[in-house]
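*Asks:* Got a predicted structure here, sequence first:
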Amino acid sequence: MSRPEHHHDKRLEKLELSTGYSERHIEVLSAEIAQLNKTMTSMARRIEHLESRLMEINDKVGEAPPMVPPPHSAGPDVPREPL
């Protein structure tokens, strides 16, 4: 009679071991997902910042550049700042 009980004990031990490994894998994967989520959130913020910066730059491209006299013509009486 002890034979079937031994078989059940071994089977139960294998199931418990398998469950333990599965739980550990779930914990590791959950931590990885959390880290990926943080990284994606950070990257999304950076992309939004870059997009807004690009829009600012694109808006400025249409503007005329400041009128600055060439260096060779700037004498002591000619301002070196934009006109």
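*Replies:* All right, it came through fine. Numbers count the residues shown, from 1 in each chain.

*Asks:* Where does pLDDT dip in the chain?
*Replies:* Low-confidence segments of the chain (pLDDT under 70): 1-4, 64-66, 68-83.

*Asks:* hey, where'd the helices end up in it?
*Replies:* Read by DSSP state H, the chain holds these helices, from start to end of the chain: 2-61.

*Asks:* got a list of what residue 62 touches?
*Replies:* Residues near residue 62 by C-beta atoms under 8 Å, 6 or more residues apart in numbering: none. In short, each C-beta sits where N, CA and C put it, glycine included.

*Asks:* ok, now how distant is it from residue 56?
*Replies:* Going from residue 62 to residue 56 by C-beta to C-beta, to the nearest Å gives 12 Å.

*Asks:* repeat for residue 40
*Replies:* To residue 56, residue 40 is 25 Å away according to C-beta to C-beta.

*Asks:* Next: residue 5.
*Replies:* In terms of C-beta to C-beta, residue 5 sits 76 Å off from residue 56.

*Asks:* Likewise for residue 37?
*Replies:* When residue 37 is compared with residue 56 (using C-beta to C-beta), they lie 29 Å apart.

*Asks:* next one: residue 7
*Replies:* Computed as C-beta to C-beta, the residue 7 to residue 56 distance reads 73 Å.

*Asks:* Then residue 26?
*Replies:* Between residue 26 and residue 56 the distance is 45 Å, computed by C-beta to C-beta.

*Asks:* what does residue 10 give?
*Replies:* According to C-beta to C-beta, residue 10 stands 69 Å off from residue 56.

*Asks:* got it, and residue 32?
*Replies:* 36 Å.

*Asks:* Tell me who's in contact with residue 41.
*Replies:* Contacts for residue 41 were tallied using C-beta under 8 Å, 6+ apart; there are none.

*Asks:* residues in contact with residue 49?
*Replies:* By C-beta under 8 Å, 6+ apart, the contact list for residue 49 is empty.

*Asks:* quick thing: my sequence starts at 583, can you match it?
*Replies:* Sure, I'll start numbering at 583, so the last one becomes residue 631.

*Asks:* mind checking how far it is from residue 592?
*Replies:* Applying C-beta to C-beta to residue 631 and residue 592 gives a distance of 59 Å.
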